[in-house]
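S.K.: mind folding the following:
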Amino acid sequence: MTTLKEAAQLALNCMDLTSLTGTESDEDIIRLCQQASSELGSVAAICIYPQFIPLARQHLDTSIKIATVSNFPHGNKDINAAVEQTRTAIALGADEVDVVFPYRALMAGDPEVGYQLVQQCKQACPDHVKLKVIIESGELAAPALIARASKISIDAGADFIKTSTGKVAVNATLDAAEIMLTAIKHCGKEVGFKAAGGVRTVADACDYLAQARLIMGSDWISKQHFRFGASALLSDVLATLSGSDVKPEGAY
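M.R.: This is a model prediction of the structure:
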């Protein structure tokens, strides 16, 4: 990345602008849709709870994807519930579903339930719907477990692997990202990576982009392969792109 503005532009184009507080109003979702595009560019997707998808569809630029969540944020091992939530999200109009891997089951020594959950959720997705699997790397903590959850998810059909829900003490870290990107590099499949939780500034984004470039190459980094799950990041991105140190009006 040669300049901060170039990094900011790439971060904007690869952002899943997220609102998953659980306290959103309709007005909050409409405002999120409005923030998702400006004269400076558009985010890749917004990420919201399933019940808001129809509303967002009415207010969002059609070039921007709608992502949602299932098995969220707990990552339980109830496969049927995760699949049903995924199907419901798709029926409501989701373009992408971020499903939480049953990470506690893996930590307890059961890798099979994670494979089956991801595989069956992927089978529930039509060709046009991407499945992003949240492995909750901060809770897995151990590099071997992060690598194993990444491989299981990829083998089961994940289109992306994602660090975190943003709902635990440790979310995206560069160490976890390195392990996950390395798993993608060695898998021989078209799989993307999403860093979520704690990426708040363009400087933060630069670190992840530099790491992805080092492991995967510059040409790999686009919204087709790389995402930031973020809310606070948008304000710093827009300030950097506009050349202002002032928080842009209307941004988080």
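
S.K.: quick check: His128 touching Asp95?
M.R.: Yes - using C-beta atoms under 8 Å, His128 is in contact with Asp95, at 7.1 Å. Backbone N, C-alpha and C define where each C-beta goes, glycine included.

S.K.: who's more crowded, the two?
M.R.: When neighbours are counted by other C-beta atoms under 10 Å, Asp95 comes out ahead of the other of His128 and Asp95, with 17 against 8.

S.K.: next, the residue lying closest to the more buried one once chain neighbours are set aside: phi, psi?
M.R.: Once flanking residues are discounted, Asp95 sits nearest to Lys65: 4.1 Å by C-beta to C-beta, 6 or more residues apart in numbering. Backbone torsions for Lys65, taken as degrees, to the nearest 10, come to phi -80, psi 160.

S.K.: look up how far Leu106 lies from Lys65.
M.R.: In this view, Lys65 and Leu106 are 28 Å apart by C-beta to C-beta, to the nearest Å.

S.K.: one more: Leu131?
M.R.: From Leu131 over to Leu106 (counting by C-beta to C-beta), the distance is 18 Å.

S.K.: need phi/psi at Gly114.
M.R.: Main-chain torsions, Gly114, degrees, to the nearest 10: phi -70, psi -40.

S.K.: in this structure it contacts Ala108, no?
M.R.: No - in this structure Gly114 lies outside contact range of Ala108 using C-beta under 8 Å: 11.0 Å.

S.K.: neighbour count winner among these two?
M.R.: Counted by other C-beta under 10 Å, Gly114 and Ala108 do not tie: Gly114 has more neighbours, with 25 against 11.

S.K.: per-residue pLDDT of that one, please?
M.R.: At Gly114, the predicted lDDT confidence score is 98.

S.K.: residue contacts, it?
M.R.: The neighbours of Gly114, taking C-beta atoms under 8 Å, 6 or more residues apart in numbering as the test, are 77, 101-103, 105-106, 149, 152-153, 156.

S.K.: follow-up on the earlier one: quick one: residues contacting the residue nearest to Asp95.
M.R.: Taking C-beta under 8 Å, 6+ apart as the contact definition, Lys65 lies against 44-46, 95-96.

S.K.: which strand residues bridge it?
M.R.: Following DSSP bridges, Lys65 is listed with bridge partners Ala45.

S.K.: helix/strand/coil for Lys223?
M.R.: coil (DSSP: H, G, I helix; E, B strand; the rest coil).

S.K.: what count of nearby residues applies to it?
M.R.: The burial count assigned to Lys223 is 19, neighbours taken as other C-beta under 10 Å.

S.K.: what about the residue nearest to it when sequence neighbours are not counted, neighbour count?
M.R.: In space, not counting the residues next to it along the chain, Lys223 is nearest to Ala44; the distance is 3.9 Å by C-beta to C-beta, 6+ apart. Ala44 has 24 neighbours, counted by other C-beta under 10 Å.

S.K.: run through the residues that contact Ala44.
M.R.: Residues near Ala44 by C-beta under 8 Å, 6+ apart: 13-16, 64-65, 223, 227.

S.K.: buried subset of the residues you listed?
M.R.: Applying a neighbour-count criterion of 16 or more other C-beta atoms under 10 Å, the buried members of the contacts of Ala44 are 13-16, 64-65, 223, 227.
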